[in-house]
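Trainee: coords please:
(one chain, ligands or ions: 2)
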Amino acid sequence: MEEANQAKRPDRVLSGMRPTGYMHLGNYHGALKNWVDLQSQYDCYFFVADWHALTTAYDETHTIEEFSQEMVVDWLGAGLSPDQCTIFMQSKVPEHAELHLFLSMITPLPWVERVPTYKDIINSLQDKDLATYGFLGYPVLQAADILMYRAERVPVGMDQDAHVEMSREIARRFNEIYGRSSDFDASVMSLLEDQGEPFKRDFLEHHRGYREGGRQASLDDGLALVSSSPSLSRRESEILEGYLRGTGRVILPEPRSLATKTPLVVGLDGRKMSKSYGNTVQLRDEPDVIEKKISRMQTDPARVRLKDPGDPKKCPVFTWHEIYLDEDQREWAANGCRTASIGCRECKQPLIDTISDEQTTFRERAAEYAKSPEKVQQILVEGSEKARVIAKETMTEVRAAIGIANA
Ligand code: TRP
Ligand code: SF4
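Mentor: Ligands and ions are numbered 1, 2, ... in the order given. Prediction:
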C-alpha cells in the first residue's frame with residue numbers, strides 16, 4: 001500500500017524549527033541534514049516557527065527576526081533549495097493562529113498538562129515565568145502547524161515525538177466532533193459513481209467486510225484499492241478512507257512522525273551540544289575556528305600524557321569519529337588511543353579536516369545569501385505564499401465543518 005501511495009504522489013512532509021540563529025552541528029545532524037535528504041523524495045514544507053519562539057521569549061523579541069534570518073541562511077547553506085522544497089515563515093501564514101484557536105477549543109486541558117516537554121522546559125528555564133496560557137498551548141500551536149498542511153509525515157527528533165502524537169490525538173478528536181456532516185454518505189456515493197462499476201462494487205464489498213464482518217483484511221484491501229486509484233485526489237481518498245474506517249469525513253488527517261536515526265551530537269565540553277552551553281561548532285565557522293575549537297575539545301580524562309592509554313568509549317571526540325570518519329580511520333583512532341601510539345591532537349586531525357571540508361560548501365553557499373538578505377526574504381515570501389494556498393483551503397474546510405463564518 002505504501003508503494004502504491006508513493007507512485008501516485010509523494011507524501012507531504014512538514015517540519016519546523018524555532019529561530020535560534022546560527023545553526024550548529026547538533027542542529028545539523030539532529031534535523032537539518034535529514035531535511036536536505038528528504039527534499040528530493042517528498043513534497044516538503046519547512047518553516048521558521050517564529051511564533052513558537054514567543055512562547056518562551058515573549059520578552060526578548062528583538063532577537064527573533066535576526067535569528068530567523070540567520071537560521072534560514074544556514075538552511076540554504078546546508079543545501080535546502082527553494083527549487084526542491086517550500087521554505088516559509090509561520091507568522092506569514094496567519095491561518096496558523098486561527099486553526100490554533102479552533103484546536104484550543106477542543107483540546108482537553110490534561111492533554112497539554114501531561115506533555116513531558118512542558119515540565120522539562122519550565123524546570124530548565126527557572127528564571128522565566130512560563131506559567132502562561134501561550135506556553136501551555138505550545139503543542140496545540142504545533143498541532144495547528146502540522147494539521148494545516150495535511151502532512152503525512154513529520155520528521156522530528158525524539159524530544160518532539162510527544163508533540164506529534166498529540167497532533168494525532170487532536171486531529172482524531174476534531175474529526176470525531178466535526179466530521180459527520182449530513183451530506184457525507186451522498187458525497188461517498190457520487191465519488192464511487194465516478195470511479196466506475198468495478199471499483200464501486202469492490203469498494204462496497206470491502207466496506208461490508210470490515211464494517212459488518214469486522215475483518216481487518218477487508219479494511220486493508222479497501223485502503224489499498226483507494227490508494228491505488230490514480231484518478232482520486234488527496235481529498236477524495238480521504239473521504240473514502242473515512243467512510244471505510246467509519247470515522248466519518250477526515251477533515252484533518254492524522255500525521256505520522258518520520259523516525260530517522262539522528263545521532264545526538266555532544267558539544268566540545270562533552271555535554272549535549274547546545275547554543276546555551278557555548279559548546280558548539282557552527283556551520284559557518286571558518287577552518288581556523290574549527291581547528292581551534294576541536295583542538296580544545298574534551299577527550300578521555302585518563303589520557304593526561306601521551307603515553308597514557310585511553311578508552312575511545314569514554315571520549316567525546318570519538319562520538320564525532322563515529323559520525324564523520326570511515327571504518328579504517330576509526331580503527332586507526334581507536335587502536336592508537338588504546339595503545340597510546342597516537343596523541344589526541346593527532347587523533348583529532350582527520351576530524352578537523354573532514355568537518356572543515358564539508359562545511360566549506362555550506363559556508364560559501366551561505367555567504368551568498370548572507371550578503372543579500374533580500375534574497376532570503378524573497379524565498380520566504382514566495383514560500384509563504386505557496387504555503388498559504390494550502391492553508392486557506394484547509395481553513396475553508398475547517399470553518400465549514402465547524403459551521404462558522406465561511407461567507
Ligand atoms: N517544536 C519544534 C522544536 O522545538 C518546532 C516546531 C514547531 C515544529 N512547529 C512544528 C516541528 C511543526 C515540527 C512540526 O523543534
Ligand atoms: Fe579521544 Fe582520540 Fe584522545 Fe583517544 S586519542 S582520548 S579517542 S581524542
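Trainee: Backbone torsions only: list them for whichever residue of the stretch 1-150 of the chain sits closest to ligand 2.
Mentor: Using Cβ to the nearest ligand atom, the point where the stretch 1-150 of the chain gets nearest to ligand 2 is residue 25, with a distance of 16.6 Å. Quick note: C-beta positions are derived from backbone N, CA and C, even for glycine. In terms of degrees, to the nearest 10, the main-chain angles of residue 25 are phi -60, psi -30.
Trainee: List the contacts of it.
Mentor: 265, 273, 280-283, 355 (Cβ atoms under 8 Å, 6 or more residues apart in numbering).
Trainee: I'd like the residues you listed as JSON lines, with secondary structure and distance to residue 392 appended.
Mentor: Formatted as JSON lines, those follow (DSSP: H, G, I helix; E, B strand; the rest coil; distance: Cβ to Cβ, whole Å):
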{"residue": "265", "secondary structure": "coil", "distance to residue 392": "39"}
{"residue": "273", "secondary structure": "coil", "distance to residue 392": "39"}
{"residue": "280", "secondary structure": "coil", "distance to residue 392": "39"}
{"residue": "281", "secondary structure": "coil", "distance to residue 392": "41"}
{"residue": "282", "secondary structure": "strand", "distance to residue 392": "37"}
{"residue": "283", "secondary structure": "coil", "distance to residue 392": "34"}
{"residue": "355", "secondary structure": "helix", "distance to residue 392": "43"}
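Trainee: okay, those in CSV with distance to ligand 2 next?
Mentor: Listed next are those as CSV, based on distance: Cβ to the nearest ligand atom, whole Å:
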residue, distance to ligand 2
265, 16
273, 17
280, 19
281, 15
282, 21
283, 23
355, 14
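Trainee: In this structure residue 112 contacts residue 136, no?
Mentor: Yes. Between residue 112 and residue 136 a contact is recorded at 5.4 Å, counting by Cβ atoms under 8 Å.
Trainee: Overlap of the contact sets of those two?
Mentor: Common contacts of residue 112 and residue 136, defined by Cβ under 8 Å, 6+ apart, comprise residue 118.
Trainee: tell me which parts of this protein are close to ligand 1?
Mentor: For the chain, the contact set with ligand 1 under Cβ under 6 Å from any ligand atom comprises 14-18, 49, 52, 142, 145-146, 154, 156, 160, 163.
Trainee: Of the residues you listed, which is the most crowded?
Mentor: Among the residues of the chain next to ligand 1, residue 146 has the most neighbours (other Cβ atoms under 10 Å), with 29 neighbours.
Trainee: how about the helices of the stretch 251-400 of the chain, start to end?
Mentor: Secondary structure of the stretch 251-400 of the chain (DSSP state H, counting those that start in this stretch): helices located at 287-296, 316-324, 327-338, 344-371, 373-402.
Trainee: With mean pLDDT and mean neighbour count as extra columns, can I get those in CSV?
Mentor: What follows is the helices of the stretch 251-400 of the chain, written out as CSV (pLDDT from 0 to 100; neighbours: other Cβ atoms under 10 Å):
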stretch, mean pLDDT, mean neighbour count
helix 287-296, 97, 14
helix 316-324, 96, 18
helix 327-338, 96, 16
helix 344-371, 97, 17
helix 373-402, 96, 16
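Trainee: out of those, which comes closest to residue 208?
Mentor: Closest approach to residue 208 among the helices of the stretch 251-400 of the chain (Cβ to Cβ): helix 373-402, 27.1 Å.
Trainee: State the mean pLDDT of stretch 273-283.
Mentor: Taken as a whole, stretch 273-283 has a mean pLDDT of 95.
Trainee: meant to ask about stretch 80-97, not that
Mentor: Mean pLDDT, stretch 80-97: 98.
Trainee: Would you tell me which residues of the chain are close to ligand 2?
Mentor: With Cβ under 6 Å from any ligand atom as the criterion, the chain comes near ligand 2 at residues 299-300, 303, 310, 312, 315, 317-318, 333, 337, 342, 344, 347-348.
Trainee: wait, isn't residue 219 in contact with residue 244?
Mentor: Yes. Between residue 219 and residue 244 a contact is recorded at 6.2 Å, counting by Cβ under 8 Å.
Trainee: list residues touching both of those two?
Mentor: Shared contacts of residue 219 and residue 244, defined by Cβ under 8 Å, 6+ apart, comprise 206, 210.
Trainee: Those two: who's more crowded?
Mentor: residue 244 (22 against 19).
Trainee: Please tell me I have it right and that one contacts residue 207.
Mentor: Yes. Using Cβ under 8 Å, residue 244 and residue 207 qualify as a contacting pair, with a distance of 5.7 Å.
Trainee: residues shared between the contacts of these two?
Mentor: Counting by Cβ under 8 Å, 6+ apart, the shared contacts of residue 244 and residue 207 are residue 222.
Trainee: Strands of the protein, start to end?
Mentor: Assigned by DSSP state E, the chain shows strands spanning 12-17, 43-48, 86-89, 153-154, 256-257.
Trainee: In terms of secondary structure, what does the fourth one contact?
Mentor: For strand 153-154, the packing partners by 3 or more Cβ pairs under 8 Å, 6 or more residues apart in numbering; DSSP states H and E come out as strand 12-17, strand 256-257.
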